[in-house]
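Asker: Any chance you could fold what I've pasted below:
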Amino acid sequence: MKTYLKLIVIPLLFLGCSSTEEITHDNNNTANISETDSVALKQKAIGHFVDGTVAETNGDYTGAILEFTEALRYDNSSGIYYELARNHLAINKLAEALKYAKLAVNNDSTNADYLDLMSDIYLKANAVDSAAIALEKIIEHDSTSIETYYKLARIYEDSKPLKAINIYEKLTKIIGPDWNVLIRVAELYEKLGYKEEASQSLEELLAIDPSNIALQKLIIDFYQRNNKFDEAMKMLNDIIELTPDDLDARQKKAQIFIQQNDWDSAAKEYKYIMLQPNVPMDLKVGIGATYFNKALSDSSVFPAAKDLFLSIDKDTTYWEVKLYLGAIAISEGKDSLAINYFKYVTENARWNTDAWIRLGGLYFDNRKYEEAEKIMREAIELFPYDFTVNLILGLSLGQQSKNAEAKDYLKKAVDLNTSDVNALSAYGFTLSQLGENEEAVQYLRRALIIDPQNVNLLGQLGLIYNNMDMMAESDSIYEKALEVDSTNALVNNNYAYSLSERGLQLERALRMVKLAVKADSLNSSYLDTIGWVYFKLSKFDEAHYYIKKAIDQGGENNAVLLEHLGDVMFMQGEKDQAMQLWEKALKLDSSNEVLKQKVETGAI
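Answerer: Numbers count the residues shown, from 1 in each chain. This next block holds a predicted model:
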């Protein structure tokens, strides 16, 4: 049927747009062609055109092109150019497609089909501006072409959103308020930051279909994204009043409460959701986990997290719920209760490592290292040869300066995964903390082979070389680290301190440590370093200011800081106060021979 219908209209393509007199015959006869011959040529053209159409219908675009090309030998009608352009486009031969599309348009510049095809070709070639020009020509000749308005507006959406809005508004005048158009206009206004205009478009949508719940939720999402919480809440409350069991509406309401940091109000909505039948267990646990994660950084949320998990626990024996309740018990200091929960987990989910790792990792990432240690000590009993369990436990111990214990777990992690940079780095650092510097260097170098541009690794290795008095190696590594990241605060601080200790490149050291202090103006180590550089530059007032500030930031029991301030005050002529500071520092670090000599001699 499709082929038959197309055959009926074929002759129309050849009316009024041919130049048969200019077509050469197979025998290259260029003499004038009689009317009879002209009809015969047209018949030949139509025959090939029909065959081309059949081939195209069957998906044989190459065959269609051959037939249409043959038809062109007898008649150069615009319709033949159009078909050649369409079929070349179908096989992605864009240059040929465009050539024939231009010929069709040149013959009939007002034909909307030809111009539309040309725009398609330009779009396929990513020539967006040219495609737009073709579509605008259609509108010039037919200002009511609805599909052309749609197409042109979509083209302009990315590059010229205001122009796209203008076209959509013209379209609205033709077809009236339309759902798809108003949504696109609202999205474009929002993208441009015109929130009031976006809101107006959405409200026009609502006027079209005021009882449409899906539309209302679309508008609620818009309000939520743009912090129009009162408007969103009003609409949500109206929906919930009509349909109290609309769980999606309640979840949106809870999310808005969370955006406003009202976790308790959100918990009421979530609890309602949890009590409904057929709510999946993973959704319930996910809600509880959201509260647990927040509670790690805001302990005031723990009661709500606990209440949610206890609510879930009433209707399930699911082991992961017990796991979270055990973690909450640890946070409450109820270790015996936590043990009971964990015992349940160990008896019912010995196979599952992911939950333990996720839980321990959450504690670690939130710098709750003691709690992370407790969780992972339970996990290590179940999974003694799991890489991640060993790594998190080792890291948690290391962060509490339990380096001897951390060493064993980190070593096992390295053995289990010899190419993990984090494990190699953490193990190397722990070895250095234990004074095993030569072995630490080996592991850090292994990590750097895997990740040679890791500035943290480079900085760590530079510090170890410095501690080993391998200053050439230390300087070389620090220089490489700064090539990777010239603004890294820790590297700049450590290198500056190393240079100041040796009295080298002091002006450069001052510039470097200033970068560190700018990055973290309350870091006592950085403050001490800049003070010590000033001391080496004999700028004792500046040195006193910064080192005193470092001590005020929590360094009152730091032997190095107290010794440094003592040295500064000695150079300022405050020898009695200097002696008091040295004596206090020596009590904290009795093995410091240089400090002992200062106390014994009363001088630097």
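Asker: show me what contacts the residue most central in space within the chain?
Answerer: Nearest to the mean C-alpha position of the chain, by C-alpha atoms, centre = their mean, lies Arg225 at 17.6 Å. Shown in contact with Arg225 (C-beta atoms under 8 Å, 6 or more residues apart in numbering): Glu190. Where you see a C-beta, it was placed from the backbone N, CA and C, and this is true even at glycine.
Asker: Look up the pLDDT of it for me, please.
Answerer: For Arg225, the pLDDT comes out at 84.
Asker: Just want the phi and psi numbers for it.
Answerer: For Arg225, the backbone dihedrals (degrees, to the nearest 10) come out as phi -60, psi -30.
Asker: can you give me the helices for the stretch 401-550 of the chain?
Answerer: Applying DSSP state H, counting those that start in this stretch to the stretch 401-550 of the chain gives helices spanning 403-416, 421-433, 437-450, 455-467, 471-484, 489-501, 506-519, 524-536, 540-550.
Asker: which residues are in contact with the last one?
Answerer: Read it as helix 540-550. With C-beta under 8 Å, 6+ apart, helix 540-550 has contacts from 524-525, 527-528, 530-532, 534-535, 561, 564-565, 568-569, 571-572.
Asker: Please spell out the ChimeraX selection for the buried subset of these.
Answerer: Selecting only the buried members of the contacts of helix 540-550 in ChimeraX, with burial defined as 16 or more other C-beta atoms under 10 Å, works like this:
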select :524,525,527,528,530,531,532,534,535,561,564,565,568,569,571
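Asker: which pair in the contacts of helix 540-550 spans the largest distance?
Answerer: Ser525 and Gln572 (22.8 Å; C-beta to C-beta).
Asker: Could you tell me how many residues sit around Glu147?
Answerer: 11 (other C-beta atoms under 10 Å).
Asker: again but with Ser476, I slipped
Answerer: 13.
Asker: Please apply the same query to Asn166.
Answerer: Using other C-beta under 10 Å, Asn166 has 13 neighbouring residues.
Asker: Relative to Phe342, how far out is it?
Answerer: Here Asn166 is placed at a distance of 64 Å from Phe342 (C-beta to C-beta, to the nearest Å).
Asker: again, but for Ser591
Answerer: Separation of Ser591 from Phe342 (C-beta to C-beta): 42 Å.
Asker: Thr601 too?
Answerer: 59 Å.
Asker: swap in Arg154?
Answerer: Applying C-beta to C-beta to Arg154 and Phe342 gives a distance of 57 Å.
Asker: And for Ser525?
Answerer: 38 Å.
Asker: Just name whatever secondary elements whatever helix or strand Val599 lives in is in contact with.
Answerer: Using DSSP states H and E, Val599 sits in helix 593-601. Counting contacts by 3 or more C-beta pairs under 8 Å, 6 or more residues apart in numbering; DSSP states H and E, helix 593-601 packs against helix 559-571, helix 575-588.
Asker: Check what pLDDT Ala338 gets.
Answerer: Ala338 is given a pLDDT of 84.
Asker: Tell me, how many residues neighbour the nearest residue to it once chain neighbours are set aside?
Answerer: In this structure, Ala338 finds its nearest non-sequential neighbour in Ala329, 3.8 Å apart by C-beta to C-beta, 6 or more residues apart in numbering. Residue crowding around Ala329 was assessed by other C-beta under 10 Å; the count is 19.
Asker: give the contact list for Ala329.
Answerer: Ala329 neighbours (C-beta under 8 Å, 6+ apart): 335, 337-338, 341.
Asker: Quick one: buried ones out of these?
Answerer: 338, 341.
Asker: Turn the contacts of Ala329 into CSV, including secondary structure and distance to Ser432.
Answerer: As requested, the contacts of Ala329 are exported to CSV (DSSP: H, G, I helix; E, B strand; the rest coil; distance: C-beta to C-beta, whole Å):
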residue, secondary structure, distance to Ser432
Asp335, helix, 33
Leu337, helix, 39
Ala338, helix, 34
Tyr341, helix, 38
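Asker: Which helix runs longest in this structure?
Answerer: Ranked by residue count, the top helix of the chain under DSSP state H comes out as helix 35-57.
Asker: Go through it and flag the buried ones.
Answerer: 38, 41-42, 44-46, 48-56.
Asker: just stretch 91-108 next, same as before
Answerer: Neighbour-count burial for stretch 91-108 flags 93-94, 96-98, 100-101, 103-105, 107-108 (criterion: 16+ other C-beta under 10 Å).
Asker: which one among those gets closest to Ser401?
Answerer: Leu94 (66.8 Å).
Asker: surely the closest one meets Lys124?
Answerer: Yes - contact criterion C-beta atoms under 8 Å: Leu94 and Lys124 qualify, at 5.9 Å.
Asker: wait, what's in contact with Tyr497?
Answerer: Contacts of Tyr497 were listed using C-beta under 8 Å, 6+ apart, and they are 509, 513, 529, 532-533.
Asker: one more time with 7 Å, if that's ok
Answerer: By C-beta atoms under 7 Å, 6 or more residues apart in numbering, the contact list for Tyr497 reads 529, 532.
Asker: mind checking pLDDT for it?
Answerer: Checking the pLDDT column for Tyr497, the value is 97.
Asker: How about the backbone phi and psi for Ala125?
Answerer: Main-chain torsions, Ala125, degrees, to the nearest 10: phi -90, psi 10.
Asker: count of residues packed around it?
Answerer: Per other C-beta under 10 Å, the neighbour tally for Ala125 reads 14.
Asker: Then Asn278?
Answerer: Asn278 is flanked by 5 other residues according to other C-beta under 10 Å.
Asker: Could you do Asn403 as well?
Answerer: Residues lying near Asn403 (other C-beta under 10 Å) number 19.
Asker: so the residue nearest to Ile258 when sequence neighbours are not counted is in which element?
Answerer: Closest residue to Ile258 apart from its sequence neighbours, by C-beta to C-beta, 6+ apart: Ala266 at 4.9 Å. Assessed by DSSP H and E, Ala266 sits inside helix 263-274.
Asker: Next, work out how far apart Ile80 and Val39 are.
Answerer: 17 Å.
Asker: same deal with Glu147?
Answerer: Distance, Glu147 to Val39, by C-beta to C-beta: 37 Å.
Asker: Ser109 now?
Answerer: To Val39, Ser109 is 28 Å away according to C-beta to C-beta.
Asker: For the stretch 51-200 of the chain, which segments count as helices?
Answerer: With DSSP H, counting those that start in this stretch as the criterion, the stretch 51-200 of the chain has helices at 61-72, 78-90, 94-107, 112-124, 128-141, 146-159, 161-175, 179-192, 195-208.
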